[in-house]
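Trainee: predicted model and sequence below, questions to follow.
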Amino acid sequence: MKHSVFDFLGQSPVAKTHARLELGEGCGVTIWENNNDRVRYEAPANNTFSLYLKGGTGTYRTDAGRASGYPGAVCVMPEGCDSEWEINKPFRFVHLYLSNERLRSGFVRTHDCDARRMQIDEVTFTENQRMAAPLLQLAHAAYQDDRLQAETAMAEFFGALDPKSRSISAGLSTHVLRRLDDWIDANLHEIISLEIMANQAGLSSFHFHRMFRVSRGLAPHAWVTEQRALRARQLLLTDQPIAQIAADCGFAHQSHLSRVFRRAYGVTPAQYRRLKRDLS
């Protein structure tokens, strides 16, 4: 099993967490403080986006020319990229951890484009205000355990990931994907099978599954489950009973909705509804 950057830092005898906020499966925010340490990330799982909050001038990337950090510096560590760090002075930083699946899903939904137009390059110590701003918001959200603020910050973060212009072959066309999305949206209350979706696209189940995953970055069933959870999140803003919301979104029962919703957002439907009502 691969270790994440969070796991590697957690093994350090001196690195300490100041706040942590889990935002569902494959997404988490942690504020760290470290000093007098050496850390090596070996082929880490998940993608890590970092913003230095305080200090950083004594932090060096030793395998990349010993460049040093500074307050406001942004680092991007894609999944699988090794790096070595030396910390000689106290500093505080926030990490956003995203699995490939969560990253692709957020990118595709935000920009309504093919997942292959996303490109995450390794970056060490750069100024990127469009990415720094939502990372700072996520730090505030972690300190305050504010999931709704984190929800807004994540939307801004995905918006900062500009799609790349590139020639794309294979996969499903934009027209077919949008037609599928409209059909799924209109039929979320029903059982949606791979065969039915493939028929909508005019393909065999085998070819549809492969081409959909190439274009969306997720398997069809995972995409539909996310759509169901998103619809439920919208309906939780109403007074509709949660059991009815579960049925309207195609879940087998309320417990099924609760399991999926908690995995997606880190809270149960009832907790999410209370958070929204407390805000208003």
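Mentor: Right, received. Where do you want to start? Residues are numbered from 1 along each chain as shown.
Trainee: what stretches of the protein score poorly on pLDDT?
Mentor: Along the chain, segments meeting pLDDT under 70 span 280.
Trainee: how about the helices of it, start to end?
Mentor: All helices of the chain, identified by DSSP state H, fall at 5-10, 100-111, 129-144, 147-159, 174-186, 194-201, 205-216, 220-235, 242-248, 254-265, 269-279.
Trainee: of these, which is nearest residue 61?
Mentor: Closest approach to residue 61 among these (Cβ to Cβ): helix 5-10, 13.6 Å. Bear in mind the C-beta positions are built from the backbone N, C-alpha and C, glycine included.
Trainee: list the buried ones in that closest one?
Mentor: With burial defined by 16 or more other Cβ atoms under 10 Å, the residues of helix 5-10 counted as buried are 5-6, 8-9.
Trainee: same check, this time on stretch 121-138
Mentor: In stretch 121-138, counting by 16+ other Cβ under 10 Å, buried: 123-125, 128, 131-132, 134-138.
Trainee: could you do stretch 204-223 as well?
Mentor: Neighbour count says stretch 204-223 has 208-209, 211-218, 220, 223 buried, by 16+ other Cβ under 10 Å.
Trainee: cool, stretch 73-83 as well?
Mentor: So, applying 16+ other Cβ under 10 Å, buried residues of stretch 73-83: 73-79, 81, 83.
Trainee: my guess is residue 194 meets residue 205, correct?
Mentor: Yes. The pair residue 194 / residue 205 is scored as a contact, 5.1 Å apart, by Cβ atoms under 8 Å.
Trainee: that older thread, any chance of the buried residues of stretch 121-138 in CSV, with distance to residue 255 too?
Mentor: Shown next, in CSV, are those (distance: Cβ to Cβ, whole Å):
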residue, distance to residue 255
123, 43
124, 45
125, 47
128, 42
131, 38
132, 40
134, 33
135, 35
136, 37
137, 33
138, 30
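Trainee: now, among these, which is nearest to residue 24?
Mentor: After measuring those against residue 24 - Cβ to Cβ - the closest member comes out as residue 138, at 13.7 Å.
Trainee: what about the buried residues of stretch 73-83, which are in strands?
Mentor: Those of those mapping onto strands are 74-77, 83, per DSSP state E.
Trainee: thinking again about what came up before, which of the helices of the chain sits closest to residue 44?
Mentor: Here helix 5-10 is closest among the helices of the chain (Cβ to Cβ), at 4.8 Å.
Trainee: report all helices and strands that that closest one contacts.
Mentor: strand 27-34, strand 37-41, strand 91-98 (3 or more Cβ pairs under 8 Å, 6 or more residues apart in numbering; DSSP states H and E).
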